[in-house]
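In: How does the following fold in three dimensions:
(one chain, ligands or ions: 1)
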Amino acid sequence: MRLVATDLPEVLLIEPKVFGDERGFFFESWNRNTLAGLGLELDFVQDNHSRSARNVLRGLHYQIQHPQGKLVRVIQGEVFDVAVDLRRSSPTFGRWSGFMLSAENKRMAWIPPGFAHGFCVTSNYAEFLYKTTDYWHPEHERSLRWDDPQLAIPWPLTGEPVLAAKDQAGQFLADAEVYA
Ligand SMILES: Cc1cn([C@H]2C[C@H](O)[C@@H](COP(=O)(O)OP(=O)(O)O[C@H]3O[C@H](C)C(=O)[C@H](O)[C@H]3O)O2)c(=O)[nH]c1=O
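Out: Below is the predicted model of the structure:
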């Protein structure tokens, strides 16, 4: 596994070592010791799996209590994945980083607690897997507006985004509850 920096110091891309042969490929998508050896001591309590069609945009989500760290990857299709720093004390507060994750590039992203997370689908369909460091607490879930002009995220959509009601009613950063 190799770490790749993003525009936000704590948000990291992880490139697994892929073993290919005449049968196909194999790679370890998570190994606690390997990542700890790279400085990422991670323990997860939940595994999630979602499937979305093109232009579906899920996010930008975070839990104001029980913030979740997320190790995310795509096993079918492609997404533009985004993390937004919501830690008011951080020098990168309010900044975002975006990257393409796909079944083809096999890249994973580590998004620490303290960040909002979302993605839009840039293939016909995408299957999205992610591990979280804390449990889902719907009562603490918040949604940051995907189209907040203060963030100005250039989502690579080919049409209107397909959004859940909660994401149509997301909060602007200026009004959102954020972390200390
Ligand atoms: C997140 C979650 C949801 N659910 C149930 C609740 C709903 O009945 C259904 C769909 O949930 P939701 O619309 O919140 O799913 P997403 O919009 O994909 O939410 C996720 O989207 C972005 C990308 C994230 O990073 C978060 O992990 C998460 O908020 O699954 C559960 O049972 N457990 C869970 O952990």
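In: hey, let's count contacts and neighbours off CA atoms from now on
Out: Fine.
In: Then Pro91 would be within a helix, right?
Out: No. Checked against DSSP: H, G, I helix; E, B strand; the rest coil, Pro91 lies outside a helix; its state is coil.
In: how many neighbours does Leu101 have?
Out: 27 (other C-alpha atoms under 10 Å).
In: Distance check, it against the ligand.
Out: 13 Å (C-alpha to the nearest ligand atom, to the nearest Å).
In: So which other helices or strands are in contact with the helix or strand hosting that residue?
Out: Per DSSP states H and E, Leu101 falls inside strand 96-102. Other helices and strands packing on strand 96-102, by 3 or more C-alpha pairs under 8 Å, 6 or more residues apart in numbering; DSSP states H and E, are strand 70-76, strand 78-85.
In: Apply 6 Å and report the result again.
Out: Judged by 3 or more C-alpha pairs under 6 Å, 6 or more residues apart in numbering; DSSP states H and E, the packing partners of strand 96-102 are strand 78-85.
In: just the angle between the strand it packs on and strand 70-76, please?
Out: 170 degrees (axes from the mean of the first three to the mean of the last three C-alpha atoms, to 10 degrees).
In: Return the residues in contact with Ile64.
Out: By C-alpha atoms under 6 Å, 6 or more residues apart in numbering, the contact list for Ile64 reads His140.
In: Next one: it relative to the ligand, how far apart?
Out: Distance check for Ile64 against the ligand: by C-alpha to the nearest ligand atom, it reads 12 Å.
In: And for Leu163?
Out: Counting by C-alpha to the nearest ligand atom, the gap from Leu163 to the ligand is 8 Å.
In: for the nearest residue to that residue once chain neighbours are set aside, what are its contacts?
Out: With C-alpha to C-alpha, 6 or more residues apart in numbering as the criterion, Leu163 has its nearest non-adjacent residue at 5.7 Å, and that residue is Leu57. Going by C-alpha under 6 Å, 6+ apart, Leu57 touches 119-120, 161-163.
In: which residues pair with the residue most central in space within the chain across the strands?
Out: The residue lying closest to the centre of the chain (C-alpha atoms, centre = their mean) is His117, at 4.7 Å. When assigned by DSSP bridges, His117 has beta-bridge partners His61, Ala83.
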